[in-house]
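S.K.: using only what follows, build the 3D model:
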Amino acid sequence: MFAENLKQLRKTKGLTQTQFASEFNISSGTIAMWETGKRMPDTEMLKKIAQFFNVSIDYLLDNEKSPLDDTEEPEDEELIILNRNAKNLTPEQRKQLLDMAKIMFKEDWDD
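M.R.: Numbering: from 1, shown residues only. Coordinates of the predicted model:
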């Protein structure tokens, strides 16, 4: 569902509704309406949102599972962040998780 995907993407970027609204020069009330499913953005705004988050419109509308465009290969760090199990982590927690993963993988490669 668009509302849930938008909210998740916004939080993953560490933005409040007000900050996100400012990026698009719209009201935070509009963002709240989108995130509660009471309204939907028009096609042009959907394009801008998809571009902002580097996702496809299909992902925003929940027509595909991967949040990344087919044209871009994710980096290892992005795969961890985008894992649905990590969606509720704060930016600091995500950084710590990535740092731990780097250490863990380095140890495996050195053996």
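S.K.: can you give the domain ranges for the protein?
M.R.: The chain breaks down into these domains under automatic domain parsing: 2-60, 76-110.
S.K.: hey, which of those domains is tucked in deepest?
M.R.: domain 2-60 (a mean of 15; mean count of other Cβ atoms under 10 Å). Yep, even glycine has a C-beta here, placed from its N, CA and C like the rest.
S.K.: what's the end-to-end length of it?
M.R.: Distance between the two ends of domain 2-60: 5 Å, counting by Cα to Cα, to the nearest Å.
S.K.: just name the shakiest helix or strand of the protein by mean pLDDT.
M.R.: helix 76-82 (a mean of 57; mean pLDDT, DSSP states H and E).
S.K.: quick one: low-confidence parts of this protein?
M.R.: 63-89, 104-111 (pLDDT under 70).
S.K.: at 80 instead, please
M.R.: Within the chain, the segments meeting pLDDT under 80 span 62-91, 93-95, 97-111.
S.K.: hey, where'd the strands end up in it?
M.R.: With strands called from DSSP state E, the chain shows none.
S.K.: quick check: I26 vs M33, distance?
M.R.: Using Cβ to Cβ, to the nearest Å, one obtains 10 Å as the distance from I26 to M33.
S.K.: go ahead and confirm G14 touches E92.
M.R.: No. Between G14 and E92 there is no contact under Cβ atoms under 8 Å: 9.4 Å.
S.K.: so what sits against both of these two?
M.R.: By Cβ atoms under 8 Å, 6 or more residues apart in numbering, G14 and E92 have no common neighbours.
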